[in-house]
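1. pasting the sequence and the predicted coordinates here, then a few questions.
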Amino acid sequence: MLGENERALLRKQGYHLVGAHSAVKPCKWLVESIRTGGECYKHQFYDIQSHRCVQCTPALQFCTHSCLFCWRVLDWDAVPKDFKWNEPSFVASEILREHLRIISGHGGNAGADMKKAKEAWQPKHVALSLAGEPLLYPYLGELIGEFHKRKMTTFVVSNGTLPERMRALAETSLPTQLYISM
């Protein structure tokens, strides 16, 4: 699905590709938390520590809209009927593995809070909100369940165009938080 030009653009913008359709990218607030103590709104409202949060997506290149105001880097694709989705256990494991690889340099930064840099190696929260429409991933409930098995909370941001998929999450695993972005 993604050509080499799109992959190169995504990498240049800090996305780390995982499998055929997922990605992880360190949030600005993860870095700020380790370096300056800054925290995002999720800390204020939900007591989620920014340095222990993984920002990712299971549907990088797929969305149900092409909003003019969207800051994402791709022209969105419809999901092809024969698309081969990665299994939820693979997506969860590889997102977490890649996240840890990404943050590995913070421990060597003299300006970093070493306690937070060490804590960041044990993420507690996953924000499925990086790009694309996460509800297009057909195994989202199972993926949420994979993160919950790891004792992590989950935060899903959706554009609200797939209410039937939201209802279906109740049959597998509901996210800890669900945001509808309009």
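-> Good, I have the coordinates. Numbers count the residues shown, from 1 in each chain.
2. all contacts plus neighbour counts: C-alpha atoms, from now on.
-> OK.
3. what's the lengthiest helix in the chain packed up against?
-> Using DSSP state H to define each element, the chain has its longest helix at helix 88-103. Contact partners of helix 88-103 among helices and strands, from 3 or more Cα pairs under 8 Å, 6 or more residues apart in numbering; DSSP states H and E: strand 16-18, strand 22-24, strand 53-57, helix 140-149.
4. again, only this time at 10 Å
-> strand 16-18, strand 22-24, strand 53-57, strand 125-128, helix 140-149 (3 or more Cα pairs under 10 Å, 6 or more residues apart in numbering; DSSP states H and E).
5. buried residues of that helix, list them for me.
-> For helix 88-103, a neighbour-count test (16 or more other Cα atoms under 10 Å) marks 88, 91-92, 94-96, 98-100, 103 as buried.
6. so can I have TSV of the residues you listed showing pLDDT and distance to residue 125?
-> Output for the buried residues of helix 88-103, formatted as TSV (pLDDT from 0 to 100; distance: Cα to Cα, whole Å):
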residue	pLDDT	distance to residue 125
88	98	17
91	98	15
92	98	12
94	98	15
95	98	12
96	98	11
98	96	15
99	96	12
100	95	13
103	90	15
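7. low-confidence ranges, this structure, go.
-> 1, 68-77 (pLDDT under 70).
8. if we can go back for a sec, export the helices and strands packed on helix 88-103 to TSV and tack on mean neighbour count and distance to residue 65?
-> Below are those laid out as TSV (neighbours: other Cα atoms under 10 Å; distance: least, Cα to Cα, whole Å):
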stretch	mean neighbour count	distance to residue 65
strand 16-18	21	22
strand 22-24	27	18
strand 53-57	26	16
strand 125-128	24	17
helix 140-149	21	19
